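Student: Give me coordinates for this.
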Amino acid sequence: MNEAPVSLLIVDDNRMDALLVEQMLKSVERQVPTAARSVESAEQALEELARQPCDVVLLDYQLPGASGLDLLQRLQQLPAGQRPAVVMLTASGSEAIAVAAMKQGAKDYLRKDLLDPMTLVRAVMTALAQKRLEAQVAAAEAQRAEDLGMARELQRALLPQSFPCFPPGVDPQRSALAFCRRYRPTSDLSGDFFDVLPLSDSEAGLLICDVMGHGVRAALVMAMLRAFVQELRCSLRDPAALLSGLNTALRGALRQSSRPLFATALYLVLDARQGQARYARAGHPLPLRLEAATGRVAPLPPAPAAGGPALGLFADAAFPAAAAALDPGDRLVLFTDGLIEAADAGGRLFGEEGLREALERHLASPCERLLDAVLEEVRRFTAGGEFVDDVCLLGAELRRRLP
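Tutor: Next up is the predicted model:
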């Protein structure tokens, strides 16, 4: 089946030059079939292209009214599907004109006094090949953006959209445990995630993880960890056992990976009957406790033994657990390091101390406002700069003890 001829529009106010180009194209029509038409001005060119788009425009630099560069700029603003490839023609050999044309999107630049059929056809076919390649790249980018958009929506859907009540069935305002969160990914796909799991009528499991990096790889590891949590439901009341199981599962899944991948994590069981938090961590910062009675903000006490390493690094890692008593009105804030590693213009980090001080300043605020105020303080600290890493904040409050 014969390939359709290349459609060309010659834009040249010199009719003799336009006819010469048409004759050159006809002389090599057997090798490269073309269908050429010509106009004499920028306005006519735009009207003709609106009526019938073409593959390639052969554009004279000097035109009546608007220059060839002016028209080239307007052609580059056309929708991608209607935008032709442009080869600039000129009677002079000015290097400055050639550079300007190429910077504005021309695919090639030819001098009329050196023009011959093969040079002309070669420029046309090269310009057409570049246009087709750009269209393929644009289509691939559009498909990638669509795929990432869908992946982003699916990932957001996996995060808790609402929180359980304790005991089950009570109005959220009367729940003994209350939760809030703020989630700020820095790219389409994030490596941070959290979950709040009902374990009994009085116990909630709070999990927060931060997978190394962000993007597709981090999101895939995140999805694996979420699946492993479901497989390890029998360990959900034992923080040390859960992290140990996640570590074993992640190492097994990543055994064939050529690149190191790991995730920090903290798992905490919040018990409204005992007024207690039991927790273990894998290379993750300790939660901050906001004491209602004293207004003090401080990390939960660490386990007697050092906390375990990040998940996925060592097969024989241990994750010792710790416990802390809580009073009604006390709150906990769990966070990922994208928050405390936010930096100002001089490279100084916001840090855990900055987070603690920000929480103290807004201690009287309800949970949602408290987290918003912290994020706003970080933005001011960075002078409005963007977070360079994903940020996750999870707040929990023991409103009252259950009998």
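
Student: For the rest of this, base every contact and every neighbour count on C-alpha atoms.
Tutor: Noted.

Student: and the helix or strand encompassing Leu154, what other elements does it pack with?
Tutor: Secondary structure assignment for Leu154, by DSSP states H and E: helix 117-158. Based on contacts counted as 3 or more Cα pairs under 8 Å, 6 or more residues apart in numbering; DSSP states H and E, the elements that helix 117-158 packs against are helix 15-27, strand 56-60, strand 85-90, strand 108-111.

Student: got those as TSV, with distance to Arg278, mean pLDDT and mean neighbour count columns?
Tutor: What follows is the helices and strands packed on helix 117-158, written out as TSV (distance: least, Cα to Cα, whole Å; pLDDT from 0 to 100; neighbours: other Cα atoms under 10 Å):
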stretch	distance to Arg278	mean pLDDT	mean neighbour count
helix 15-27	81	92	16
strand 56-60	70	93	27
strand 85-90	66	91	25
strand 108-111	69	90	19
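
Student: before we move on, back to that, next secondary structure after the helix holding Leu154?
Tutor: Using DSSP H and E, the helix or strand that follows helix 117-158 towards the C-terminus is strand 177-184.

Student: what sits up against that next one?
Tutor: Contacts with strand 177-184, where a contact means Cα atoms under 8 Å, 6 or more residues apart in numbering, come from 163, 165-166, 172, 272, 367-368, 371-372, 390-400.

Student: Following element in sequence after it, please.
Tutor: Where DSSP H and E defines the elements, the next helix or strand beyond strand 177-184 is strand 192-198.

Student: could you say what helices and strands that following strand packs with?
Tutor: Strand 192-198 packs on strand 203-211, strand 391-398, going by 3+ Cα pairs under 8 Å, 6+ apart.

Student: That strand - which strands sit beside it in the sheet, and in what orientation?
Tutor: Partners of strand 192-198 in the sheet, by DSSP bridges, are strand 203-211 (antiparallel).

Student: send the alpha carbons of the strand it pairs with over as PDB?
Tutor: What follows is strand 203-211 as a C-alpha-only set of coordinates in PDB (Å, rounded to 0.1, in the frame of the first residue of the first chain):
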ATOM      1  CA  GLU A 203      -7.900  -0.700  71.100                       C
ATOM      2  CA  ALA A 204      -6.700   0.900  67.900                       C
ATOM      3  CA  GLY A 205      -3.500   0.000  66.000                       C
ATOM      4  CA  LEU A 206      -1.700   3.100  64.500                       C
ATOM      5  CA  LEU A 207       0.800   2.400  61.700                       C
ATOM      6  CA  ILE A 208       2.900   5.000  60.000                       C
ATOM      7  CA  CYS A 209       5.600   4.100  57.400                       C
ATOM      8  CA  ASP A 210       8.000   6.000  55.200                       C
ATOM      9  CA  VAL A 211       9.500   4.100  52.300                       C
END
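
Student: Can you list the low-confidence ranges for this structure?
Tutor: Residues of the chain that meet the criterion pLDDT under 70 lie in 1-2, 93, 151, 155, 187-189, 214, 258, 385-386.

Student: Can you get me a residue count around Val170?
Tutor: Residues near Val170, counting by other Cα atoms under 10 Å, number 12.

Student: Next: Ala139.
Tutor: Burial measure for Ala139: 12 neighbouring residues, criterion other Cα under 10 Å.

Student: how close does it get to Leu236?
Tutor: Distance from Ala139 to Leu236, counting by Cα to Cα, to the nearest Å: 45 Å.
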